[in-house]
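Undergrad: what would the 3D arrangement of this be:
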Amino acid sequence: MRDPNNPCLFCNINESGWAHINDLAYASYDSYPVSKDHCLIIPKRHIKDYFDLSKDELIACYELIKIVKEEILVKDQTVKGFNLGTNIGKVAGQSILHCHFHLIPRRKDDVENPQGGIRSVIPNKQHYKRDK
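TA: Residues are numbered from 1 along each chain as shown. Here you go, the predicted model:
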């Protein structure tokens, strides 16, 4: 099996893999999507994670996230929400050690109980009851 970090998969993506691009980042649809139109937003500079982003890189990623979100909503009216996240470090699930954001479209009834959303990274913490 090929190591996606040697060489870095995200540093070596060709133009045909870009959905959108700006000076500091690009968007590419995920090869292993969680849902239809799951997209990755990736800074061009090889950096490990979110905490290494410059302010300009963060803004560039934000701009692409907004563009892709709107594009998805226009082409698929069944999308009613999104999960947006980034894994930071191997223990948090980061497998490609180049900063990237996941924009995951969500549709009504795509899971039985969506409560907790991103909290499901630790399954027994996803569902919770609020104290009054």
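Undergrad: going forward, measure contacts and count neighbours with C-alpha atoms only.
TA: OK.
Undergrad: contact partners for the most centrally placed residue in the chain?
TA: Centroid check for the chain by Cα atoms, centre = their mean gives His102 as the closest residue, at 0.6 Å. Applying Cα atoms under 8 Å, 6 or more residues apart in numbering to His102 gives the contacts 38-41, 83-86.
Undergrad: of these, keep whichever come out buried.
TA: Among the contacts of His102, those scoring as buried are 38-41, 86 (criterion: 16 or more other Cα atoms under 10 Å).
Undergrad: and which of those is nearest to Asp23?
TA: Nearest to Asp23 out of these is Ile41 (Cα to Cα; 12.9 Å).
Undergrad: before we move on, back to that, SS state for the residue nearest to the centre of the chain?
TA: Look at His102: counting by DSSP: H, G, I helix; E, B strand; the rest coil, its state is strand.
Undergrad: leaving out sequence neighbours, find the closest residue to it.
TA: Leu40 (4.8 Å; Cα to Cα, 6 or more residues apart in numbering).
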